[in-house]
Each structure stands twice: as structure tokens, then as C-alpha cells.
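**Q** Fold the following.
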Amino acid sequence: ASLLAPATAMAQSADPVRWQLNMGQGVTESSKHAYDAHMQVFLVCVVIGIIVFGAMAYAMFKFRKSKGAKPDVDFTHSTLLEVIWTAVPVIMLVLMAFPATDKLIKMYDTRDAAMTIKVTGYQWLWKYDYPGEKPGDAVSFTSRLDRKSDDIRQSKIDARDADHPHYLLDVDNALIVPTDTKIRFLITADDVIHAWWVPALGWKQDAIPGIINEAWTEIKTPGVYRGQCTELCGKDHGFMPIVVKAVPKAEFETWLAAERAKNAPPAPAAPIEAVPAETAPAAEAAAPATAAADQNAPAPAAANAAG
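**A** Alright, predicted model coming up:
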């Protein structure tokens, strides 16, 4: 726990804040691509809105009835205008499609990953597997809603008075990952459909029984990033949080070594040395001879009396 204290103390840069209106930038390349695409489309929408509502305001003010304006009853359509308002949106969509397609392809490219983590969804918890090169190197654990949040929700008190800043967004065992490392995720489920989503990572992936979906991430900034299951998966769907702790590579290696040592099987006991088989008959044969010699020897007390 002390090893991870520096990471937990860092600012929650990707967590939403009260009254936040815009989406967050996240802490990965994928999340930044999504944010950039969002802002580009948003600016286009702002320009279109200014033009459309500006034209409406100008028309209503310039050609109002009090000014003596009269409608053109003979106007039916304008071919030029129809071509413009059809061609311009098509051109805009095509121009936006090129960068969007390029970013989507990169989001699904899991090649050259430095490590793999398997995520399995259950009702209502997550299981994380870190495969190893050898059987003893694998690390597995489950992650579920933390005890304090569970106690608060079952006590029926107002959670705002419970002094728990991450109510329903904290877990007993967080997913630990290294920074500046491309990580491939294999995501599946064991019972019903779930969805693994951490907004700061910039993607969401369904966890479907019998199907393994892929995703990847590379976190640049150490910190704690929270998410939730986003697929209705039963009565406790709302109590299935996700917590990812990104730590520097050296701290991650220390944590991983400690987990492997904790899960390692106990060392076998040293074997007990047995008596060599060839020495046993000799010992048994020597025992009767020693007993006979003891019987034939004269008693010391009788010899002294005779003298």
C-alpha cells in the first residue's frame, strides 16, 4: 500500500468536476484523439449555428411586416441554393471522415504491445489476469465495490453525508498498470454482457461471454482513473466500479514481483534421510553376538571374593 501512495496522492486530472460542460481530454493518445475530433466537430457546429441563426435573425428584422415587407408569393425553389446546401454538408462530412477514419484505425491497432491484461466481467465484479511467461509468473485477482461504499448504500443514509468522496467509484483491489507502456486488453465476460469503461482512457469495450474483444492503452500521466460497467447487467449493475492506478515502471515491477511472491506455492520440505539398506543386516547380526559375550563374562564381584 505504501508503494502506491505517491500515485494515489496525485491529482485526479481526468475525473469530472461539478458543473463540467465539456468532455475531458483524458490521459492517453486515444482519449486525446477523441477530444480533438470532438472539438473540431463542435467548432463546425458553432459556425453553422452562427450562420443559420444569424440569417434567421437578419431575415426577421430586415423583412418584418412593420417595415412594409411583402412575401414573394411566386417563389417556389432555387436550384442554386439547393445545390449549395446539399453539396456543402457532403463536402464537410467527407473532409471530417479522413482524420476520423485514421484515428479509428489507430485505436484498434493492438500490435507491438509490451504486455497483456485479461479483463473478465462477472455479476458483479471484475477479474484481472496478468499472464506470465512461466506458470508461476501469472497474477490474478478480483476487484469489486469497496466495503465502505457497500455499507453506505445498504444503510440507506444520504451518501452526501457519508464523507466518502468516491462513493460507488472505489474498489477493494485496483488494476495496477505501468505508465509509458503500450498495454493490450483482452476483454470478455463469464455470465452476461458487461462493458469496461474508464473515461480517461478514451475508449469503452463490451465484455461478451464467449467472445474476446481487444483494446489498448498507453497512459502518460501517473494517477488514479475511475470508471464503471456501462452495460445493464443485472440488479447490481450500478455497483460495479473500475479503478485503474497508473504508476511508474519501476514501481509496477516492484508491485508485480511482490504479487508473484505472494501467490507462489510453498517450497517443498527437505526429504528425511533413510538408513542405508546394506547396513541394517550387519547391525542385526552383531546384536546377538554382543549379548552372548556379555553372558559369558565373569562378574567382577565374584572374582574379588575368590581372591
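**Q** all helices of the stretch 51-200 of the chain, in order?
**A** Under the criterion DSSP state H, counting those that start in this stretch, helices of the stretch 51-200 of the chain are mapped to 79-107, 147-155.
**Q** Of those helices, flag the one that's most buried.
**A** helix 147-155 (a mean of 14; mean count of other C-beta atoms under 10 Å). The way it works is simple: take the backbone N, C-alpha and C, and place the C-beta from them, glycine included.
**Q** I'd like to know the average pLDDT value across it.
**A** What helix 147-155 shows for mean pLDDT is 89.
**Q** Check which helices and strands it is in contact with.
**A** Packing partners of helix 147-155 (3 or more C-beta pairs under 8 Å, 6 or more residues apart in numbering; DSSP states H and E): none among the helices and strands.
**Q** hmm, back to that, quick one, which of the helices of the stretch 51-200 of the chain gets closest to Lys220.
**A** Among those, the nearest to Lys220 by C-beta to C-beta is helix 79-107 (15.6 Å).
**Q** And that closest one, how far out from the chain middle?
**A** 35 Å (C-alpha atoms, centre = their mean, to the nearest Å).
**Q** Please apply the same query to stretch 233-243.
**A** The answer for stretch 233-243 is 14 Å, by C-alpha atoms, centre = their mean.
**Q** Go through that stretch and flag the buried ones.
**A** For stretch 233-243, a neighbour-count test (16 or more other C-beta atoms under 10 Å) marks Cys233, His237, Phe239, Met240, Pro241, Ile242, Val243 as buried.
**Q** wait, Asp191 sits on Gln123?
**A** Yes: with contact defined as C-beta atoms under 8 Å, Asp191 counts as touching Gln123 (5.4 Å).
**Q** Between those two, which is the more surrounded one?
**A** The neighbour comparison of Asp191 against Gln123 (other C-beta atoms under 10 Å) goes to Gln123, with 16 against 13.
**Q** Kindly state the pLDDT recorded for the more buried one?
**A** At Gln123, the predicted lDDT confidence score is 94.
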